[in-house]
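Colleague: sequence first, then the predicted structure:
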Amino acid sequence: MAGRDEAEGMRARDVGVTLGERRVLGGVDLRIPRAQVTGLLAPSGAGKSTLLRALVRLIEADAGSITLDGEDIRSFDARVLRRRVGFVAQTPAMLPGSVADNLRHGLDDLTDDALTDALHAASLDEAFAEREADELSGGERARVALARALTRGPELLLLDEPTAALDEGAAKRIGETLRSLCDRGLGICVATHDRHFADAWVDRREHLQ
Ligand SMILES: Nc1ncnc2c1ncn2[C@@H]1O[C@H](COP(=O)(O)OP(=O)(O)O)[C@@H](O)[C@H]1O
Ligand SMILES: [Mg+2]
């Protein structure tokens, strides 16, 4: 049987989004296959964040189709969709408390081992579990947000400008982390206007407009 690993991942066709009175996106096509890093490249204001949010139904597209392995995403319960497709926002909010509290939020049955795995997969030492979330640096915070998405066991991961506030070293660690996740079969989409990051870490490019 053809397994999910070989299946197509996410696909947007002719997608349109209107926010308030504004037609923010129209006629957008995008593909996010598994086991590759897809760069969603466009200048600021082009609609990258809007598109990523539509892919996990934080906003609803009003034209075109968005599918996950061929199934319309509107046919999934939104929580199921967001478990399968992780989303890391550009400025991830941290809840008060420790990193472990943040990872456990909404997932009370997360085991210690699963928590440690998620931290490791995000290139964080397990000692991070006890750190106060609001005392983390920008790079650490980005990786905690990534770990939090990974605790849900996603098949695809969407990251909105993950290196926006990071220095070169921290951006490189994010790139290396994404590469190792991708080697494990995750499909990754990174919205970015950071050309250096894209040149170094992206396997395939999708452009908006
Ligand atoms: N809630 C909103 N209402 C109206 N326009 C919006 C809203 N949010 C974003 N926009 C506009 O949509 C366009 C695309 O924004 P965005 O998706 O954030 O682009 P990017 O992530 O590529 O910088 C921008 O022109 C922005 O001003
Ligand atoms: Mg954006």
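Modeller: Good, I have the coordinates. Ligands and ions are numbered 1, 2, ... in the order given.

Colleague: any regions of the protein where pLDDT drops low?
Modeller: Counting by pLDDT under 70, the chain shows low-confidence ranges at 1-7.

Colleague: where does it get nearest to ligand 2, which residue?
Modeller: Per CB to the ion, residue 49 is where the chain lies closest to ligand 2, at 3.2 Å. C-beta coordinates here come from the backbone N, C-alpha and C atoms, glycine included.

Colleague: residue 85: neighbouring residues, count only.
Modeller: 26 (other CB atoms under 10 Å).

Colleague: please name the nearest non-neighbouring residue to it.
Modeller: residue 156 (4.7 Å; CB to CB, 6 or more residues apart in numbering).

Colleague: residue contacts, the one you found?
Modeller: 9-10, 32, 34, 68, 84-86, 186-189 (CB atoms under 8 Å, 6 or more residues apart in numbering).

Colleague: for those residues, work out which two are farthest apart.
Modeller: 68 and 188 (14.6 Å; CB to CB).

Colleague: these two: who's more crowded?
Modeller: residue 188 (28 against 22).

Colleague: do the helix or strand hosting the more buried one and ligand 2 meet?
Modeller: Per DSSP states H and E, residue 188 falls inside strand 187-192. No. Shown here: strand 187-192 not in contact with ligand 2 (CB under 5 Å from the ion), separated by at least 6.3 Å.

Colleague: next, residue 144: secondary structure please.
Modeller: When classified by DSSP: H, G, I helix; E, B strand; the rest coil, residue 144 comes out as helix.

Colleague: with adjacent residues omitted, what lies nearest to it?
Modeller: Going by CB to CB, 6+ apart, residue 144 has residue 99 as its nearest residue, at 5.4 Å.

Colleague: who are the contact partners of that neighbour?
Modeller: 119, 124, 128-133, 136, 144, 147.

Colleague: 6 Å instead, please
Modeller: When contacts are counted by CB atoms under 6 Å, 6 or more residues apart in numbering, residue 99 touches 128-129, 131, 133, 144.

Colleague: now, which of these lie within helices?
Modeller: residue 144 (DSSP state H).

Colleague: redo the contacts of residue 99 as CSV? Include neighbour count.
Modeller: CSV is the format used below for these (neighbours: other CB atoms under 10 Å):
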residue, neighbour count
128, 21
129, 21
131, 17
133, 22
144, 25
